[in-house]
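> Quick one: sequence plus predicted model below, questions after.
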Amino acid sequence: MEKLHIEGSAKTPFVSFDSGSGILELRGRSIPENSIEFFQPLIDWVDEYGVSPKAATQVDMKLEYFNTSSSKCILDLFKRLEKINDNGVQVKINWYFETDDEDMEEAGEDYAAIVGLDFNIVEIDEI
């Protein structure tokens with residue numbers, strides 16, 4: 001399975017999904033013109049990955065900001081990962097937020113409450 005690599009921009013996050021290591025990373029800002037169009041390849045990749053995933057999958061979410069439409073797409077992504085987790089694969093989400101960014105901390109807590117995944121909410125100095 002091919003790695004999914006998308007360079008970040010002012011409006012879209014950097015994406016690195018590596019089936020070989022089982023590490024998926026999103027980093028930066030997510031305010032695309034069309035969130036569904038941007039996130040669909042990520043969701044499709046996760047669906048394909050779910051056919052033969054690693055025994056443990058790590059998702060590193062290092063977003064400094066995302067808009068409302070991105071939040072729905074992120075939830076969709078987490079729900080796909082939840083299905084993989086339900087099939088016996090350990091999926092762990094590392095949700096990073098910058099010190100004093102209570103909105104991003106709360107967003108991570110909200111996602112953790114919605115989906116049945118192992119969430120690790122981590123405070124860092126800078127994303």
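Perfect, I can see it now.
> tell me which residues in the longest helix along the chain are buried?
Counting by DSSP state H, the longest helix found in the chain is helix 68-86. Neighbour-count burial for helix 68-86 flags 69-71, 73-74, 76-78, 80-81, 84-85 (criterion: 16 or more other C-beta atoms under 10 Å). Just so you know, the C-beta spots here come from the backbone N, C-alpha and C atoms, and that holds for glycine as well.
> gap between it and the chain center?
Centroid separation between helix 68-86 and its chain, computed with C-alpha atoms, centre = their mean, to the nearest Å, is 8 Å.
> all helices of this structure, in order?
35-49, 68-86, 102-114.
> now those helices as TSV including mean pLDDT and distance to Ser19?
Converted to TSV, these look like this (pLDDT from 0 to 100; distance: least, C-beta to C-beta, whole Å):
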stretch	mean pLDDT	distance to Ser19
helix 35-49	97	5
helix 68-86	96	12
helix 102-114	97	23
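> Report the separation between the spatially most central residue of the chain and Arg27.
By C-alpha atoms, centre = their mean, the mean C-alpha position of the chain lies nearest to Met61, the distance being 5.0 Å. Met61 is 8 Å from Arg27, where distance means C-beta to C-beta, to the nearest Å.
> What of Ala56?
For Ala56, the distance to Arg27 - C-beta to C-beta - is 20 Å.
> Looking at these two, which one has more neighbours?
Arg27 (17 against 12; other C-beta atoms under 10 Å).
> wait, isn't that one in contact with Glu7?
No: contact criterion C-beta atoms under 8 Å: Arg27 and Glu7 do not qualify, at 10.9 Å.
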